[in-house]
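>>> can't give you the sequence, but here's the structure:
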């Protein structure tokens, strides 16, 4: 009889991931994830293709910032070799069905190298985060075995993510028109595990399964910058990613359609010490399958002051592609930051802070993120 009960437990472990579908309906859930809980039921938490400077303006300056891997045409303004990297530390508070969790994560989400190679042609290479897939969920429940309720704890964890490796090029066709294009190689892996522990550990063994899942995909993108006047610049970009393939032991276990993205931005620089920008982007995340939503995001920001220490401020908002409810979760954020040049402008350190509030399907999340960026221009 004990053997039959263990087989029942084994089948239960194999179905643990299905429990994620009903997370919001279960009050006995403890979330210990590192990344946003809004990515648990989907592919993960999408990364932001923004440098510290751009993110400190809510993302509004990302289309016009050559160190932000959002679009390629801005590389045409690269006058010399530029290398950049950033680090972010997030402190989040999540609340679901009366359960509150305080979480922390540290990421290095961006690194890139760009410069002019000959004539008007500039190229860039680097990586940024495409999807964060690190989380750890604990679920308390009870199952009836041999006519007796048996309390147990399920722990489902994922550790890893998907990186976007980009090769891009841009040039100026006219003094007022720059164009760019890029190819994107998606690569990464996660360590996924599921563990069931019965409170009665004497009669029922701990059950555990784990796998290493690798991911790959491909995408292309294109963009342009249009200078209507010396003070007014427009940006437009588009990107299409094919499928994200998941492999276990070299065999393809899943293929998920990835979104197409289109976006546009405007920047107004009425004086050398004052710059305003706004951007909007749409992504077809609903193609990823049930429980996924198309997203529309927007941002607006400003940068005041030049020289050694500019001040930056911005806001952002929109939808998230995955969530526990029947409609897309929403987010709103405020950001601010500054920078400091040194070594006669050959080095720049940027600082930023971002406050995000996300909500949807009964889940609330509030996040403080502190950003540090380093740019070197040898």
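In hand now; what should we look at? Nothing here was measured: the structure is a model prediction, and the numbers come from that model. Numbers count the residues shown, from 1 in each chain.
>>> residues in contact with residue 92?
36, 102, 103, 104, 105, 365, 366, 367, 368 (CB atoms under 8 Å, 6 or more residues apart in numbering). Bear in mind the C-beta positions are built from the backbone N, C-alpha and C, glycine included.
>>> now the residues you listed in a markdown table, with neighbour count, secondary structure and pLDDT?
Converted to a markdown table, those look like this (neighbours: other CB atoms under 10 Å; DSSP: H, G, I helix; E, B strand; the rest coil; pLDDT from 0 to 100):
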| residue | neighbour count | secondary structure | pLDDT |
| --- | --- | --- | --- |
| 36 | 27 | coil | 78 |
| 102 | 9 | strand | 84 |
| 103 | 20 | strand | 83 |
| 104 | 9 | strand | 86 |
| 105 | 17 | strand | 86 |
| 365 | 23 | strand | 93 |
| 366 | 14 | strand | 94 |
| 367 | 19 | strand | 95 |
| 368 | 13 | strand | 96 |
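>>> quick check, nearest of these to residue 222?
residue 36 (29.3 Å; CB to CB).
>>> rewinding a little: using TSV, lay out the contacts of residue 92 together with distance to residue 340.
Listed next are those as TSV, based on distance: CB to CB, whole Å:
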residue	distance to residue 340
36	30
102	31
103	30
104	26
105	26
365	31
366	29
367	25
368	22
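>>> Of those, which is the nearest to residue 310?
Taking CB to CB as the measure, residue 310 lies nearest residue 368 of the contacts of residue 92, at 22.2 Å.
>>> Tell me how far the nearest residue to the closest one once chain neighbours are set aside lies from residue 353.
In space, and not counting its chain neighbours, residue 368 is closest to residue 91: 4.8 Å by CB to CB, 6 or more residues apart in numbering. For residue 91, the distance to residue 353 equals 11 Å [CB to CB, to the nearest Å].
>>> same check, this time on residue 59
Where residue 353 is concerned, residue 59 sits at a distance of 14 Å (CB to CB).
>>> Among those two, which residue is more densely surrounded?
residue 59 (32 against 15; other CB atoms under 10 Å).
>>> Can you verify the more buried one is assigned to a helix?
No - counting by DSSP: H, G, I helix; E, B strand; the rest coil, residue 59 is located in no helix; its state is coil.
>>> contacting residues for it?
Neighbours of residue 59 in contact, by CB under 8 Å, 6+ apart: 48, 50, 279, 297, 299, 301, 314, 316.
>>> Report the separation between it and residue 294.
18 Å.
>>> Also residue 204?
45 Å.
>>> Of those two, which one has the most company?
residue 204 (20 against 15).
>>> State the distance from the residue nearest to the more buried one when sequence neighbours are not counted to residue 144.
Counting by CB to CB, 6+ apart, residue 204 lies nearest to residue 198, which is 3.8 Å off, once chain neighbours are set aside. Residue 198 sits at a distance of 13 Å from residue 144 (criterion: CB to CB).
>>> Overlap in contacts, those two.
Residues touching both residue 198 and residue 144 (CB under 8 Å, 6+ apart): residue 150.
>>> Look at these two and report which has more neighbours.
residue 198 (19 against 8).
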